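Visitor: I need the structure of the sequence given here:
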Amino acid sequence: MPAARPEPNPLAALSASLSGLVADAAPSLVSVHSHRLVSSGFAWKPGLIVTADERLAEEGEIAVTLPGGQRIAARVAGRDPTTDIALLRVEASDLTPVAFESATPGAGALAVAVGSREGESVAALGVVVASGPAWRSLRGGDIDARIELDLALRGHAEGGLAINAAGHAFGMTVFGPRRRVLVIPAITVARVASQLETHGKVARGYLGLALQPVRVDRQGGVGAMVMNVDADGPGAKAGIHQGDVIQSWGAQPIRSPSELLRALGPASVGRSVSVALSRAGETRTVDVVVGERPER
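Guide: Modelled structure (predicted):
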């Protein structure tokens, strides 16, 4: 009588599948070294590496470790702190650019965060906790989908890839508030990296005003008081003075200065916006043409 065939082990099959997709991603991943910070990055185009901006030092030399351990120099092509995306240039022709999946996984889907440490792959398995609509970061960056992962991401893996169960990359892993693991989706990476490749930066709106919150009525309404005015800025040209209280922006009430500043995204540059303000007890309206934030 022939011996019974052993039942296939589903856990072993899952383990082999996960190991396989990590191995498939490895040729695209690098380790990024910046001053005392170490993170991950991935090949976006030939000679161009995307990584997490918050893990990139403001100054000093930058290097990347390629798959296999070779370390080479890199230089910043552009960076955008508001979306946490930085772009590096390298002289390396053997990296495989990532082919992103544009679809966003739903809550409950399996996800693997894959990064690099000294040229060797590192990975963490988890699930998609939440998958929601577009949102704006605390720094004013427009992110095309809010994706949160439940997994243990280490600092050196930030800036690596988020991969779905089919082995397709759908974004870059970063730390959000309270060290939550967020994903900058593929569509945001492509949009911002393209601007960084061409211009070296992402344009942001600028008013030339220093603001602080102030209560404007007994019901708890909040406005933004102008504490300082750049004499050459858009606010001054529109006739805004120190001591004015901005109450609405484009017909929308102001709930806090940070809310107004978050409205100064790339699309705001060059726009004329109607601003209602209070001065010495009188309400008036001025039109402000939003400028581009100057380089620091």
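
Visitor: and the nearest residue to residue 90 once chain neighbours are set aside, bridged to which residues?
Guide: Nearest residue to residue 90, sequence neighbours excluded (C-beta to C-beta, 6 or more residues apart in numbering): residue 74, at 4.8 Å. Quick note: C-beta positions are derived from backbone N, CA and C, even for glycine. Going by DSSP bridges, residue 74 is paired in beta bridges with residue 62, residue 90.

Visitor: What segments of the stretch 151-296 of the chain are helices?
Guide: Secondary structure of the stretch 151-296 of the chain (DSSP state H, counting those that start in this stretch): helices at 186-199, 234-237, 257-262.

Visitor: I'd like those as JSON lines, with mean pLDDT, mean neighbour count and distance to residue 47 appended.
Guide: Below are those laid out as JSON lines (pLDDT from 0 to 100; neighbours: other C-beta atoms under 10 Å; distance: least, C-beta to C-beta, whole Å):
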{"stretch": "helix 186-199", "mean pLDDT": "96", "mean neighbour count": "19", "distance to residue 47": "10"}
{"stretch": "helix 234-237", "mean pLDDT": "96", "mean neighbour count": "20", "distance to residue 47": "37"}
{"stretch": "helix 257-262", "mean pLDDT": "80", "mean neighbour count": "18", "distance to residue 47": "33"}
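
Visitor: Would you map out the domains in this structure?
Guide: Using automatic domain parsing, the domains assigned to the chain come out as 11-90, 110-187, 205-292.

Visitor: so can I have TSV of those showing distance to residue 195?
Guide: Below are these laid out as TSV (distance: least, C-beta to C-beta, whole Å):
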stretch	distance to residue 195
domain 11-90	7
domain 110-187	12
domain 205-292	8
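
Visitor: Next up, the contacts around the nearest residue to residue 243 once chain neighbours are set aside.
Guide: Counting by C-beta to C-beta, 6+ apart, residue 243 lies nearest to residue 226, which is 6.4 Å off, once chain neighbours are set aside. Applying C-beta atoms under 8 Å, 6 or more residues apart in numbering, we find residue 226 in contact with 209, 210, 211, 235, 240, 241, 242, 243, 244, 245, 246.

Visitor: what's the burial count for the fifth one?
Guide: As a burial measure, the neighbour count of residue 240 was computed by other C-beta atoms under 10 Å and equals 22.

Visitor: mind listing what it touches?
Guide: 209, 226, 229, 246, 275, 277, 286, 288.

Visitor: again, but for the first one
Guide: Residue 209 is in contact with 226, 228, 229, 230, 233, 235, 240, counting by C-beta under 8 Å, 6+ apart.

Visitor: go on, the third one?
Guide: Applying C-beta under 8 Å, 6+ apart to residue 211 gives the contacts 224, 225, 226, 227, 246, 257, 260, 261.

Visitor: Tell me, how many residues neighbour the fifth one?
Guide: Pointing back at residue 246 there. For residue 246, the neighbour count with other C-beta under 10 Å is 25.

Visitor: My read is that it contacts residue 277, right?
Guide: Yes: the pair residue 246 / residue 277 is scored as a contact, 5.0 Å apart, by C-beta atoms under 8 Å.

Visitor: Find the nearest non-adjacent residue to residue 295, please.
Guide: In space, residue 295 is closest to residue 201, 7.8 Å off (C-beta to C-beta, 6+ apart).

Visitor: so how far is residue 78 from that neighbour?
Guide: 6 Å (C-beta to C-beta, to the nearest Å).

Visitor: Kindly report the same for residue 256.
Guide: From residue 256 over to residue 78 (counting by C-beta to C-beta), the distance is 29 Å.

Visitor: Who has more neighbours out of those two?
Guide: Legend: neighbour count by other C-beta under 10 Å for residue 256 and residue 78, higher for residue 78 (21 against 14).

Visitor: what does the model give the more buried one for pLDDT?
Guide: Residue 78 is assigned a pLDDT of 96 by the prediction.
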